[in-house]
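1. Provide a 3D model corresponding to the input given below.
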Amino acid sequence: HAGKLRYAAAGHPPSLLRHADGTVSTMESAGEMPLGLASERRREFRMPVPAGSVLVLYTDGLVERRDESIDAGIARLAEAVSRHLPGDDGWCDSVIAHALAGTKQSDDIVLLSYLTDAPAPPATPATPATPAAPATPAPPDA
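-> As a prediction, the model looks like this:
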């Protein structure tokens with residue numbers, strides 16, 4: 001079932017949404033201050049969540065590197081999320097391994113994923129019943 005997500009950001013890296021077709025969207029949250037630093041009310045964001053999508057939350061340890069921009073790390077994670085088929089055992093482990101490949105990890109890492117209900121299969125039209133062959137009378141007893 002499709003749904004709607006209502007959320008606020010607290011200085012975390014942007015969450016990702018993997019659609020059923022494998023495309024990945026970065027959720028809006030730019031410019032939000034960490035909890036405790038902002039005195040004003042947080043902005044609220046809303047977005048549709050199509051059936052069969054995966055919501056991905058993660059800590060900065062998965063995407064931040066001293067020698068590259070955080071955007072490069074987020075793009076690497078989005079590629080990993082897109083490449084691996086959700087619902088498989090070990091999906092989070094596979095995504096983390098892909099996102100960390102060739103990098104040196106020096107921070108804590110958390111990855112949380114939520115798989116929404118899969119879309120309902122397309123309706124199959126009912127097959128019309130095949131009419132029975134007309135009955136033929138039995139031959140008379142001889």
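2. report the contact partners of the most centrally placed residue in the chain.
-> Taking C-alpha atoms, centre = their mean, the centroid of the chain lies closest to V54, which sits 1.8 Å from it. Counting by C-beta atoms under 8 Å, 6 or more residues apart in numbering, V54 makes contact with L17, R18, V81, P86, S113, Y114, L115, T116. Quick note: C-beta positions are derived from backbone N, CA and C, even for glycine.
3. the second one: neighbour count?
-> Read that as R18. If you count neighbours by other C-beta atoms under 10 Å, R18 ends up with 24.
4. just to check, it is in contact with V56?
-> Yes - if you go by C-beta atoms under 8 Å, R18 and V56 touch, sitting 6.5 Å apart.
5. what sits in contact with each of these two?
-> Both R18 and V56 are in contact with V81, where contact means C-beta under 8 Å, 6+ apart.
6. run through the bridge partners of the residue nearest to the centre of the chain.
-> With DSSP bridges as the criterion, V54 is bridged to R18, L115.
7. quick one: it and C92, what's the gap?
-> 10 Å (C-beta to C-beta, to the nearest Å).
8. need the overlap of contacts for the two.
-> What both V54 and C92 touch, as defined by C-beta under 8 Å, 6+ apart, is the set S113.
9. if we can go back for a sec, buried subset of the contacts of V54?
-> Buried by 16 or more other C-beta atoms under 10 Å: L17, R18, V81, P86, S113, T116, out of the contacts of V54.
10. packing partners of the host helix or strand of the fifth one?
-> With elements taken from DSSP states H and E, the one containing S113 is strand 111-115. With contacts defined as 3 or more C-beta pairs under 8 Å, 6 or more residues apart in numbering; DSSP states H and E, strand 111-115 has these neighbours: strand 54-58, helix 91-100.
11. next, the buried residues of the last one.
-> Spelled out, it's helix 91-100. In helix 91-100, counting by 16+ other C-beta under 10 Å, buried: W91, C92, V95, I96, H98, A99, L100.
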